[in-house]
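Undergrad: sequence and predicted model, in that order:
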Amino acid sequence: MYFLADCNNFYVSCERVFNPRLRGRPVIILSNNDGCAVALSNEAKALGIPRGAPLFKWRSFLDRHNGIYLSSNYTLYGDMSRRVMDLLATFSEECEVYSIDEAFLATESLSEKSALSLAEEIRETILRCTGIPMSIGAGTTKTLAKAANAYAKKNVKNGCCCITDFNRKKILQMVPVSQVWGIGVQHARLLAHHGINTTAEFIDMPESWVRKRMAVTGLRTLLELNGTPCIKMEKYPPNRRSIVSSRSFGTPVSKLALLSESVHEYGCRAATRLRSMNLLCSSLTVYIATNLFKDEPHYSNSATVTLNYPTDSSPIITKEATRLLHTLFKEGYQYKKTGIMLHGLTPKDEQQYSLFSQNDHIERDSRLMSVMDSLNIRYGSKTVVLASEGLTQSWQMKRQFLSPAYTTRWSDLPCVKTE
DNA sequence: TCTGGGGTCCTAGGACCC
DNA sequence: TCTGGGGTCCTAGGACCC
């Protein structure tokens, strides 16, 4: 039996744990740069605000409805997520953290009654220990557990649902096929075009039809919904394939020197993450783009370079990235975003040295980077940076409505009044 | 004024091998 | 007149996820 435990409106729920004034009110959490809504409370959803709604279009509407908007506080959400996941792991040996707010658990085969009582116990424990409300779906495949969760969130008061051979058809009638795990907007549109709207209608489709139009991933979804497990539990997180670091700018940037600062910062950010995972990258891509939403000349482009030897060094990565940036840059555009991607990731303990050059500097570089990383871990990120990241960073993203780091900074610890 | 960031997998087509 | 069969690797683009 698979269980999918998913936190309700996770980012909003994290904020509400420490700020009770947010309860019962429409709350939205904004994307980076305070751009658009990435998480909404039920009250905000009920007002008809869609996910992805740009703040500037909805701000006065929210104000009129006593609503709240907050910048993303990933430090808080990451820490709350860890608490939730640690607790979930106590309920099953097989626990796969699937995203920041959800995890799969696997157990031996259970009756509907025992599955529901386990789900209820998990839900109650997480709520009591962390303050985060959850919904839990159970089924004999991961996709069915996901579907049960989607159903529970909308239709079951205690947020728990178990799909069995007996109730499957009935429950899947209530789940729109567009909500099924693995079916995105394109396939939902395709299915709607063929008159398929509910998941119950989808599971009767011929396998050959689905294979032909929705590829093997679509076929897997179909089989899973019909009770054939195709997607296993991932006991260990699979090896990372790529690392991306990119941001939109707070204000448009037209100067190469400023773009270069941002590429340096994102390069360092990506390289730091690379080192924390004990990996090296063997190629990197830089891209730049203007604002697609604006009625002005657009330009976007990207370039990739294969490195002479795999590396995790911030100076090497940022140097190569800047070289690429210079080939991409065109004068006369207002740029909105730059980004850097690292690919060809290999474990550091399998480092391939260069055949054609001295390798001493690799060791030296590596020592320099570990000193930099340990200083930044001990005294806070950005204690030591490359000067090329710039000192003013006028392009930095906006975070106007940020809540305190309630759980990770001494000075931000919430105060409890006792009088 | 103002619209996010970070990932994976699959497929088709081209270039290449014998 | 007529032009095979069986592969690999790489890349771009598209689909999906949170």
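TA: Great, that's in hand. Predicted model, so just to flag it, every value in this text is computed and none were measured.
Undergrad: neighbours around residue A:160, how many?
TA: Other residues within reach of residue A:160, judged by other C-beta atoms under 10 Å, total 25. C-betas here are computed from N, CA, C, even on glycine.
Undergrad: ditto for residue A:397
TA: 16.
Undergrad: wait, it sits on residue A:251?
TA: No: at 9.8 Å, residue A:397 does not count as touching residue A:251 under the criterion of C-beta atoms under 8 Å.
Undergrad: got the contact list for residue A:351?
TA: A:280, A:310, A:362 (C-beta atoms under 8 Å, 6 or more residues apart in numbering).
Undergrad: shouldn't residue A:383 be within a strand?
TA: No: Residue A:383: not assigned to a strand; according to DSSP: H, G, I helix; E, B strand; the rest coil it is coil.
Undergrad: quick one: pLDDT of it?
TA: Reported pLDDT at residue A:383 in the predicted model: 89.
Undergrad: surely it meets residue A:376?
TA: Yes: at 5.3 Å, residue A:383 counts as touching residue A:376 under the criterion of C-beta under 8 Å.
Undergrad: can you pull the residues of the stretch 151-300 of chain A lying near DNA strand B?
TA: Contact residues (C-beta under 7 Å from any atom of the strand) of the stretch 151-300 of chain A with DNA strand B: A:215-217, A:238, A:240-248, A:252, A:269, A:273, A:291, A:293-294.
Undergrad: restrict those to those near DNA strand C?
TA: Among these, DNA strand C is touched by residue A:217 when using C-beta under 7 Å from any atom of the strand.
Undergrad: filter the residues of the stretch 151-300 of chain A next to DNA strand B down to the buried ones, PyMOL style.
TA: To isolate the buried ones among those in PyMOL, judged by 16 or more other C-beta atoms under 10 Å, type:
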select buried, chain A and resi 243+245+246+247+248+252+269+273+291
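Undergrad: go through the residues of the stretch 151-300 of chain A next to DNA strand B and flag which are in helices.
TA: Of these, the ones assigned to helices by DSSP state H are A:215, A:216, A:217, A:269, A:273.
Undergrad: on that earlier part again, between residue A:383 and residue A:376, which one's more packed in?
TA: Each of residue A:383 and residue A:376 has its neighbours counted (other C-beta under 10 Å); residue A:376 has more, 16 against 11.
Undergrad: quick one: name the residues of chain A near DNA strand C.
TA: A:98-102, A:146, A:180-188, A:217, A:304.
Undergrad: restricted to strands, list these.
TA: A:98, A:99, A:102, A:304 (DSSP state E).
Undergrad: between the residues you listed, which sits nearest residue A:357?
TA: Distance to residue A:357 across those (C-beta to C-beta) is lowest for residue A:304, with 21.7 Å.
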